[in-house]
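Chemist: could you work out the structure for the sequence below:
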Amino acid sequence: MKIEQIYTGCLAQGAYFIESNGEAAVIDPLREVAPYIEKAKSRQVTIKYVFETHFHADFVSGHLDLAQKTGAPIVYGPNAQTGFDAHIATDGEEFKIGDVTIRALHTPGHTMESTSYLLLDENGKETALFSGDTLFIGDVGRPDLAQKSNLTIQDLAGYLYDSLRTKIMTLPDDVVVYPAHGAGSACGKNMSKETTDTLGNQKRFNYALRANMTRDEFIKEVTDGLATPPQYFPQNVQMNKEGYDSIDDVLQRGVQALSPAAFEAAANETGALVLDTRAASDFTTGFIPNSINIGIDGSFAPWVGALVPDLKQTLLIVTEPGREEEVVTRLARVGYDHTLGYLEGGFDAWRAEGREIDTVTTISAGDFADLFRQGPLEVIDVRKPTEFSVEHAKGAKNLPLDYISEQMTEFPKEGPMYVHCAGGYRSMVAASILKARGFDNVINVDGGYAAMVKAGIPQDKTDSVAHS
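Modeler: Sure thing, here's the model as predicted:
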């Protein structure tokens, strides 16, 4: 028996490949399924089942393509209603994978169809729990992503309380917990950086598994402090539930090389959003006017999901040559399937033809600190409110990147506006959006808050109220 966790940092997501005696199962696969198929081929095993713990909100799963390409049935837990053929397991139903057994444990609460999968080894010993978004390391799944008209967040939290205490906490302490997400995912609020742990450890250290915790206490603590979920979450749920285009078709459409002239024509004729995925340091020195910068070497897909609310938005991409397929794939992971093509030769080809470009004014943290000491500046901090509340530049205003569209009227249009985040990634995203909206007064602080602190700017912890 072998269990492999396939962790994707950009999404903070864990898929699982389980094999035993010539057979394998995949749990919560990513959209691109070729790696699973190649893994099975290289190990000479047959993928027998594709298990889904629930209808994911934060990414589009690869269950449909994987089932189509391997013939393996898709398995969901009780209450799941799909727009495609799937086996809806009953609570306690068992599935054989070689010499091991996977038992479905219906654990509603995060969603009503949420199901954990308990692995029994060759001797029938309860060995591992694939807990989906029901139980994380250090946290549990948020209960506000799958509300129905007759269910409140508190109702779902109550279901989660029961699931944890009747189905999971009764398992042996040495069972290893393999969750669907880790720190950085928006599916929880207090996840650990660790991606596996024993159940016994979680009983000791996970706040939601306290032995003497009452139902009311659990509901209050689990529902307290939940941030607004990204706008793309319900659309991802719908795709996972009803179906979607094959990743092969999405890639074929998206990886189309367009000359600068064809690229410009496509942008003008279709109204496509130009998405520039280069590093902030490259973007600031020159970019296609009105393009948005979300760097591929960061939390790319979640930020696209947070800032581009319509999954049907057509996209044209500018990226480093050779990374086009990577960009289209990572967009498809969160449901952005309408990429029309990429700029052949990258931005250098655009610049070489003498086409119009724009830039973002950037100031070093040291020069910013010097100006800061001379008098008040208009400083916009685009970090999360939780980051801002810990510490921030004296007099700064908190307008988090997550809500930039809703808060656009709060950005000043007159006088220099200095924008920063923690390290520079988010502030360049914000600067690009502001430039596209006509703010010509935006100045990006290079290196973000970390560099500003090193440069000796005055700091405060209570000077300004963070926006939500």
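Chemist: now the helices for the stretch 301-450 of the chain?
Modeler: Taking DSSP state H, counting those that start in this stretch, the helices of the stretch 301-450 of the chain run over residues 324-333, 346-352, 365-374, 385-390, 425-436, 448-454.
Chemist: buried by neighbour count: which residues of the first one qualify?
Modeler: Of the residues in helix 324-333, those buried by neighbour count under the rule 16 or more other C-beta atoms under 10 Å are Glu324, Val327, Val328, Thr329, Arg330, Leu331, Ala332, Arg333. (Each C-beta comes from the backbone N, C-alpha and C, glycine too.)
Chemist: counting by contacts, list what that helix packs against.
Modeler: Here helix 324-333 touches helix 247-254, helix 300-307, strand 315-318, strand 339-343, going by 3 or more C-beta pairs under 8 Å, 6 or more residues apart in numbering; DSSP states H and E.
Chemist: which residues are in contact with the last one?
Modeler: Same thing as strand 339-343. Residues outside strand 339-343 that contact it (C-beta atoms under 8 Å, 6 or more residues apart in numbering) are 250, 253-258, 260, 262-263, 266, 270, 272, 288, 314-319, 324, 327-328, 331, 349-350.
Chemist: so in that sheet, which strands flank that strand, and in what orientation?
Modeler: strand 257-258 (parallel), strand 315-318 (parallel) (DSSP bridges).
Chemist: quick one: low-confidence parts of the protein?
Modeler: Where the chain drops to pLDDT under 70, the residues are 147-149, 462-468.
Chemist: again, 50 this time
Modeler: 463-468 (pLDDT under 50).
Chemist: so how far is Lys96 from the closest residue to Ile3 other than its chain neighbours?
Modeler: Once flanking residues are discounted, Ile3 sits nearest to Ile18: 5.4 Å by C-beta to C-beta, 6 or more residues apart in numbering. Between Ile18 and Lys96 the computed distance is 12 Å (C-beta to C-beta, to the nearest Å).
Chemist: which SS state does the closest residue to Tyr244 other than its chain neighbours fall under?
Modeler: By the measure of C-beta to C-beta, 6+ apart, the closest residue to Tyr244 outside its immediate chain neighbours is Val60, 6.2 Å from it. Classification of Val60 using DSSP: H, G, I helix; E, B strand; the rest coil returns coil.
Chemist: just give me the neighbour total for Val60.
Modeler: Residues near Val60, counting by other C-beta atoms under 10 Å, number 25.
Chemist: okay, Ile18 and Lys96: which has more neighbours?
Modeler: Applying other C-beta under 10 Å to Ile18 and Lys96 shows that Ile18 carries more neighbours, namely 26 against 15.
Chemist: packing partners of whichever strand or helix holds that one?
Modeler: Per DSSP states H and E: Ile18 is located in strand 13-20. Judged by 3+ C-beta pairs under 8 Å, 6+ apart, the packing partners of strand 13-20 are strand 2-8, strand 23-27, helix 34-42, strand 94-97, strand 100-106, strand 176-179.
Chemist: about what we covered before: of the helices and strands packed on helix 324-333, which approaches Pro385 most closely?
Modeler: helix 300-307 (14.8 Å; C-beta to C-beta).
Chemist: tell me what that closest one is packed against?
Modeler: On a contact count with 3+ C-beta pairs under 8 Å, 6+ apart, helix 300-307 meets helix 324-333, helix 425-436.
Chemist: now for Tyr76: which residues touch it?
Modeler: Contacts of Tyr76 (C-beta under 8 Å, 6+ apart): Glu52, His54, Thr82, Ala86, His87, Ile88, Ala89, Glu113, Thr115.
Chemist: from those, which is closest to Asp139?
Modeler: His54 (15.9 Å).
Chemist: thinking again about what came up before, now the helices of the stretch 301-450 of the chain as CSV including distance to Ala146?
Modeler: Below are those laid out as CSV (distance: least, C-beta to C-beta, whole Å):
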stretch, distance to Ala146
helix 324-333, 20
helix 346-352, 41
helix 365-374, 43
helix 385-390, 25
helix 425-436, 29
helix 448-454, 35
